[in-house]
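> Build me a model from this:
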Amino acid sequence: MTPIRDEFDRWLEEQAPSLRRHWDSPELWPRIAGSLEVERGRVGPPSRGSGWAIGMAAALALVLAPAGWWLWKSHARDPMLLTDQTLKEVQSAEQAYAQSIEKLSKQAAPRLENPPTELISSYREKLMLLDSAISALKAEADRNPYNHYVQRELLALYKDKQQTLEGILHDTANPPAAP
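Numbering: from 1, shown residues only. As a prediction, this is how the structure comes out:
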């Protein structure tokens with residue numbers, strides 16, 4: 001041992017008797033013994049009913065194992081990454097949506113500047129949320145263009161924005177009748 005350790009051990013041995021406290025606790029050992037008895041009652045040989053549960057669990061595992069294997073193999077054959085050809089098709093669809101959205105945005109812009117109804121105001125807020133989500137997903141798609149999930153979600157947002165703009169044009173062209 002090191003000299004510092006030896007000094008600490010000597011000091012601790014000198015201080016230990018003064019730190020020791022004694023008190024009566026007659027209920028401590030009976031409580032411990034009672035807790036042990038309760039634990040012994042819980043842990044024991046399996047009951048007859050538990051054999052049925054074990055059998056059902058084994059049967060379920062036998063049924064689910066082939067299904068899990070099949071899913072794993074199907075994902076191994078079909079990775080969630082796009083091929084170069086598929087990426088070109090996705091980018092083409094994205095351009096088509098962008099052009100359609102640009103035309104619809106120009107038509108809807110006057111109605112969105114001063115919304116005549118609460119509905120159009122709600123549409124404007126929805127468009128702001130969609131634009132925010134589109135820009136976030138577009139940044140992710142730029143970082144990882146072959147990610148199938150990001151591209152699919154981006155196209156879904158474009159479609160939603162296109163439908164929202166069409167809804168604005170439809171609702172302002174055919175306003176609801178006054179009550």
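> Could you use CA atoms for every contact and neighbour count after this?
Noted.
> Which helix or strand in the chain has the lowest average pLDDT?
In the chain, no helix or strand scores lower on mean pLDDT, DSSP states H and E than helix 48-77, which sits at a mean of 69.
> That one: what's the following helix or strand?
Using DSSP states H and E, the helix or strand that follows helix 48-77 towards the C-terminus is helix 84-113.
> Please state the offset of the helix or strand that comes right after that next one from the chain centre?
Following helix 84-113 in sequence order, the next helix or strand is helix 118-143 (DSSP H and E). On the basis of C-alpha atoms, centre = their mean, to the nearest Å, helix 118-143 sits 21 Å off its chain's mean C-alpha point.
> Let me know the distance separating residue 26 from residue 17.
23 Å (C-alpha to C-alpha, to the nearest Å).
> same question, residue 83
77 Å.
> In terms of neighbours, single out the busier of these two.
residue 83 (13 against 9; other C-alpha atoms under 10 Å).
> Can you point out the buried residues in stretch 142-150?
Buried residues in stretch 142-150, counting neighbours by 16 or more other C-alpha atoms under 10 Å, are found at 145-148, 150.
> Mind checking which of those land in strands?
Taking DSSP state E, every one of the buried residues of stretch 142-150 sits outside strands.
> residues contacting the residue nearest to residue 90 when sequence neighbours are not counted?
Distance criterion C-alpha to C-alpha, 6 or more residues apart in numbering; nearest residue to residue 90, sequence neighbours excluded, is residue 151 at 7.3 Å. Taking C-alpha atoms under 8 Å, 6 or more residues apart in numbering, we find residue 151 in contact with 90, 141, 145.
> mind checking pLDDT for residue 151?
Here, the pLDDT recorded for residue 151 equals 84.
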